[in-house]
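Participant: Generate coordinates for the sequence data below:
(chains A and B)
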Amino acid sequence: MQAGGAARESQVPALAPGLDPARLPLSPAEGYLLSRIDGRTPWKLLREIGGLAPREVDRCLARWVEEGVLVVNGAAKPAAASKPPAKAGAAATTAAAAATARTAAPPSSPPPAPAAAAAARPATVSAPIDESLLNASLDLAVEAQRRILAYERRLGEPYHALLGVPADADAKAVKRAYFELSKEFHPDRYFRRNTGPFGPRVEKIFKRILEAYELLSDPTTRAEIERAARERVEEETVAPPPPASAAVAAALATPDPKAAAEAKAAAAAASKRMRQLPHLRAAHLKQLAERKAKARRFFESGVTAFKAERWIEAAGSVRLAIAFDPTNEAIRDAFGDIQRKAHDERAKQLLKEANGALDLRDGRNALRLFEEALVFKPHDPEANATAARLAFLIGEDLKKAKEYGQRACELEPNVAANRKTLGQIYAAAGLAANAKRELEAALRLDPKDREAKEALRGLGRR
Amino acid sequence: MGRVIGIDLGTTNSCVSVIENGQPTVIPNAGGYKTTPSMFAISPDGKRLVGHLAKRQAVTNARHTVYASKRLIGRRFDAPEVTRVIELAPYEVVRGPNDDPRVQLGDKVFTCPEISAIILREMKRIAEEHLGEPVRDAVITVPAYFNDTQRQCTKDAGKIAGLEVLRIINEPTAAALAYGFGKKRDEKIAVYDLGGGTFDISVLELGSGVIEVLATNGNTFLGGEDFDRRLVTHLLERFEQQEGIDLRSDAMALQRLKDAAEKAKCDLSQRESAEINLPFIASDAKGPRHLNLELSRETLEGLVDDIVRQTLKIVESCLGDAGLAANQIDQVVLVGGQTRMPLVQNAVAELFGKRPHKGVNPDEVVAIGAAIQGEALLAEDKSLLLLDVTPLSLGIATFGGHFTRLIDRNTTVPVRKGHIFTTTRDNQSAVKIRVLQGESDQAAENDLLGEFVLSGIRPARKGEPEIEVSFDIDANGIVSVSARDLATGKEQSIQVNATSTLSDEEIQRIIDENELYEVQLKP
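Facilitator: Below is the predicted model:
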């Protein structure tokens, strides 16, 4: 890391926003160095005024940058809470450290004394909390508040660490961890209590725990998460040791400070985005690609079906293709019109057949054909009206009759026959008020309609 | 802390429970019964009758006695389910101003939440008499498949009844809570709930004091009353064959037949045959006629076998949702009076390959579970936690009239889920987000909860902009939806409120009116 010396000299470290230095386990000498950092003093000057040997200053500053205590040139690096600091937690695995942070951190104990700092560091450094947020007047034990704040700071951690389970934990262990955490962080635990700003915090925590549990319980998403984690580890092992983080290495090693800052800002933004969009962008893209491939296959079989004049099949395939790839306008452009044409043609054919059946006085068959035609041309007023009349006369399915009748009236409200048919259907279904309304409308349109008059009189009798 | 009661507001019967000295207790009503008929009537002299009193006079006052109003609550007047009730119920159902079904008794029209409120107030009164102190807080149960409107209407009913409804929970979930109360083992359980009016199946997992709902399914229009109806139809047909008289238009005869059918159905759970004896059921020119029929268990089973098969299909699909095979279920809990029928028990046992659990009373277990959840919410020491789920899928309408789910049904709440969407036209500058709820893949077939527009999208080729749509359900079940353009950071959001069939003013008016009828508990 000596190689990065020149680049570092002009960098200006500052305290990470929202950080409370009082919570950091520091030796007095480290504390002095920290007190010199004001966001205006460059690294080079800190070497001279930091009260420590220049090498020690470099080491401390680099570690703090990595731990998220400091930001350099305004580009924040997220608190790398799951990574134990090189000095203290070398032996601890990621998961174990995370587990300690949750269970073993005694939140009510005073900040550890400098001498004990080395031992306590994994827990406290990974989740330093802002003491000023604690509020004894709330209906929530201060200890619970500390735990909530500490856990909230860890929400950016990988899912395994968040649940406190090892990477190879089986489904049962994941569920058990989720249940245990739910007992502490489910909002129902604080039902009707005055928890002030801690209510939303608990809810936020629970949602994140739920997300971790759901993604880790699904074998597909879990595999994706583990693959991403492996890639991260590989990336980090390639980078020069210590500092372990690639982003910090970049910031420290690049000769041009401006480029370094930009690279770092980009890395930070990317990682922030990865955290915000639930991690699974890659999985999302993969799924998208699969859907597009499926859409292509459906589209192709649609083309084949269309050429063979199997209209319904073609339409179905295209509809599926669009469902799987709604943004592909090529599919829609190519087929939107043809599909419509196919529908029209099919409807025309069916209506012809239906009218033929009607001429033969084969009501049932005619109704079936009209219904089929309506699938393709649902807004054909005449077909709706005839279907309503037929369904009513056959009298087996009044519900269906009612639907056709209603649609016919919607499409052509001023046709007396439509209103009359619907009125008769309502009357047959026992919906007297509706029947009366429709029959009266029919008579307004055609005062001489004897059938409507009779039906209306029939209603009065009932 | 005041006491919190659990109320099972059933289609045919209701039940109330409270935790006393750490033990759930079912509270009997003044007559000593642990369940109270969900019936309400206005007697000819204008008195309001609830529960057993209403049931007792139902035969002679059929037109002014309301039962099974739970089948109407939160539905639209034109819904097929409502049409079915109208066909069969002797009381009059009319169309309300919000297109909701209402019940007309004499010259007074009651909304469905109002009728539920009358039953709830009776349950509240039963609890208060038992406890000797006023009760305010309650947890009320509904079928798992109730939608948002039905739940909101039930909540409104609680409000009208003077209750603070802490939570609405699903009946099978409540049954699981009652079953899991005090148990330490890890188990997967199935709750098969065949009540008077609804069928629900839920698969839950129990572990170290936490209950997680894995999947739930059901049919809000399938239950013991369908069994009764089949039986009534059968009896009507046999009587018509024998005597040549159709009793369908005689409300009083129908009510007597219905009572007798229900009783015979219950008897046949114990015995192989039952006699139905209804003297003077009708009369014509030849004088009075009596209905006297012998009914065998086999006949009854033949009449309802397909209904039972139908429930098993729903069970199988629920197991599929939970990702479990029938033999992975450790325990089957039966809920609802209809599960006393041997045919039902055998069918369930056959499906799961094990006999159902016998330790709980199917009529009381739901109310007990509700009381346990109430206690769990308010108690200081939290020994039990219910991870409840959303009953219906939530999502948005996407191109081509499709429905894209963001939150699947049976998802644990509170929850936040997001997904990236994009534009469908070049240089599209705005997107309309239509928030829908339902299970159909067709947007038009689901319920529209709300819509908003996100504008100011930077001009780009179609498919390039990234718009993150997030759904958020908080601990109280309130849904908010936001859309954010990832390029500009521009964001729009709405909060979706469950809609009731009643407006706030209407609820207040009903509360004010009903205070006149309120019977105060003597301090």
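Participant: Which residue comes closest to the residue in the stretch 151-300 of chain B positioned nearest to chain A once chain neighbours are left out?
Facilitator: Of all residues in the stretch 151-300 of chain B, B:Val210 sits closest to chain A, with a separation of 4.1 Å (C-beta to the nearest C-beta). In short, each C-beta sits where N, CA and C put it, glycine included. Nearest non-adjacent residue to B:Val210, counting by C-beta to C-beta, 6 or more residues apart in numbering or on different chains: A:Phe179, 4.1 Å away.
Participant: for the helix or strand the one you found falls within, what is the average pLDDT?
Facilitator: Assessed by DSSP states H and E, A:Phe179 sits inside helix A:171-185. Helix A:171-185 shows a mean pLDDT of 92.
Participant: do the same with stretch B:19-33
Facilitator: 93.
Participant: the domain parsing of the chain - what is it?
Facilitator: Assuming you mean chain A. A:1-81, A:161-217, A:258-374, A:380-460 (automatic domain parsing).
Participant: Let me rephrase: I mean chain B.
Facilitator: B:4-221+B:328-388, B:224-301, B:394-496.
Participant: what would those look like in TSV with mean neighbour count?
Facilitator: Formatted as TSV, the domains of chain B follow (neighbours: other C-beta atoms under 10 Å in any protein chain shown):
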stretch	mean neighbour count
domain B:4-221+B:328-388	21
domain B:224-301	17
domain B:394-496	17
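Participant: Now the residue lying closest to A:Ala417 once chain neighbours are set aside. Its backbone dihedrals?
Facilitator: Nearest residue to A:Ala417 in three dimensions, chain neighbours excluded: A:Ala385, at 6.8 Å (C-beta to C-beta, 6+ apart). Dihedral pair for A:Ala385: phi -60, psi -50, per degrees, to the nearest 10.
Participant: quick one: contacts of the helix holding A:Phe179?
Facilitator: Residues outside helix A:171-185 that contact it (C-beta atoms under 8 Å, 6 or more residues apart in numbering or on different chains) are A:147-148, A:151, A:163-165, A:169, A:189, A:202, A:205-206, A:209-210, A:212-213, A:216-217, B:205, B:207-210, B:212, B:382, B:385, B:387.
Participant: do that again at 6 Å, thanks
Facilitator: With contact meaning C-beta atoms under 6 Å, 6 or more residues apart in numbering or on different chains, helix A:171-185 is reached by A:163-165, A:202, A:205-206, A:209, A:213, A:216-217, B:207-208, B:210, B:385.
Participant: One more: stretch B:488-500?
Facilitator: Contact partners of stretch B:488-500, identified using C-beta under 6 Å, 6+ apart, comprise B:148-149, B:152-153, B:156, B:435, B:449-450, B:452, B:454, B:456, B:479-484.
Participant: what's the first-to-last distance across that stretch?
Facilitator: One end of stretch B:488-500 to the other measures 37 Å (C-alpha to C-alpha, to the nearest Å).
Participant: got it, and stretch B:103-112?
Facilitator: Note: stretch B:103-112 ends 7 Å apart using C-alpha to C-alpha.
Participant: could you give me the average pLDDT of it?
Facilitator: Computed over stretch B:103-112, the average pLDDT equals 93.
Participant: got CSV for the domains of chain A, with distance to A:Ser132 and mean neighbour count too?
Facilitator: Shown next, in CSV, are these (distance: least, C-beta to C-beta, whole Å; neighbours: other C-beta atoms under 10 Å in any protein chain shown):
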stretch, distance to A:Ser132, mean neighbour count
domain A:1-81, 7, 17
domain A:161-217, 12, 19
domain A:258-374, 25, 17
domain A:380-460, 64, 19
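Participant: SS state for B:Ala174?
Facilitator: Per DSSP: H, G, I helix; E, B strand; the rest coil, the secondary structure class of B:Ala174 is helix.
Participant: what's the closest residue to it other than its chain neighbours in contact with, if anything?
Facilitator: Nearest residue to B:Ala174, sequence neighbours excluded (C-beta to C-beta, 6+ apart): B:Gly369, at 2.9 Å. Neighbouring residues of B:Gly369 by C-beta under 6 Å, 6+ apart: B:Ala174, B:Ala175, B:Leu177, B:Ala178.
Participant: what are the ranges of the helices in the stretch 1-150 of chain B?
Facilitator: B:52-56, B:80-88, B:112-131, B:148-160 (DSSP state H, counting those that start in this stretch).
Participant: between those helices, which gets nearest to A:Leu439?
Facilitator: helix B:80-88 (19.7 Å; C-beta to C-beta).
Participant: Next, work out how far apart the nearest residue to B:Asn446 once chain neighbours are set aside and B:Ile314 are.
Facilitator: Nearest non-adjacent residue to B:Asn446, counting by C-beta to C-beta, 6+ apart: B:Gly438, 2.9 Å away. Using C-beta to C-beta, to the nearest Å, we find B:Gly438 at a distance of 18 Å from B:Ile314.
Participant: do B:Gly31 as well
Facilitator: When B:Gly31 is compared with B:Ile314 (using C-beta to C-beta), they lie 35 Å apart.
Participant: swap in A:Thr421?
Facilitator: 38 Å.
Participant: again with A:Ser137
Facilitator: For A:Ser137 relative to B:Ile314 (C-beta to C-beta), the value is 51 Å.
Participant: And those two? Which one has more around it.
Facilitator: B:Ile314 (18 against 7; other C-beta atoms under 10 Å in any protein chain shown).
Participant: does that one count as helix, strand or coil?
Facilitator: The three-state label given to B:Ile314 by three-state DSSP is helix.
Participant: Show me what the residue lying closest to it once chain neighbours are set aside is bridged to.
Facilitator: In this structure, B:Ile314 finds its nearest non-sequential neighbour in B:Asn217, 5.2 Å apart by C-beta to C-beta, 6+ apart. Beta-bridge pairing for B:Asn217 (DSSP bridges): B:Ile201.
Participant: Can you give me every residue that contacts B:Asn217?
Facilitator: Shown in contact with B:Asn217 (C-beta under 6 Å, 6+ apart): B:Ile201, B:Ile314, B:Ser317, B:Cys318.
Participant: so the last one sits in a strand?
Facilitator: No: residue state for B:Cys318 (three-state DSSP) corresponds to helix; a strand is not indicated.
Participant: surely it meets B:Gly218?
Facilitator: No: applying C-beta atoms under 6 Å, one finds B:Cys318 not in contact with B:Gly218, separated by 8.1 Å.
Participant: Next, show the common contact partners of those two.
Facilitator: In contact with both B:Cys318 and B:Gly218: B:Ile201, using C-beta under 6 Å, 6+ apart.
Participant: and B:Lys432, helix, strand or coil?
Facilitator: Assignment for B:Lys432 (three-state DSSP): strand.
Participant: residues from chain B in reach of chain A?
Facilitator: Within chain B, the residues that sit near chain A (C-beta under 6 Å from any C-beta of the partner chain) are B:207-208, B:210, B:377, B:382, B:385, B:398-400, B:402, B:412, B:414-416, B:424, B:463, B:475.
Participant: With adjacent residues omitted, what lies nearest to the residue nearest the centre of chain B?
Facilitator: Of all residues in chain B, the one closest to the mean position by C-alpha atoms, centre = their mean is B:Pro143, 3.0 Å from it. Distances taken as C-beta to C-beta, 6+ apart put B:Thr198 closest to B:Pro143, at 4.1 Å, once the chain neighbours are dropped.
Participant: likewise B:Lys354?
Facilitator: Nearest to B:Lys354 is B:Val332, by C-beta to C-beta, 6+ apart, at 6.6 Å.
Participant: Name the secondary structure element that contains the one you found.
Facilitator: Secondary structure (DSSP H and E) places B:Val332 in strand B:331-335.
Participant: Tell me which residues are up against that strand.
Facilitator: Residues contacting strand B:331-335 (C-beta under 6 Å, 6+ apart): B:175, B:179, B:187, B:189-193, B:352, B:356-357, B:362, B:365.
Participant: Alright, calling it a day.
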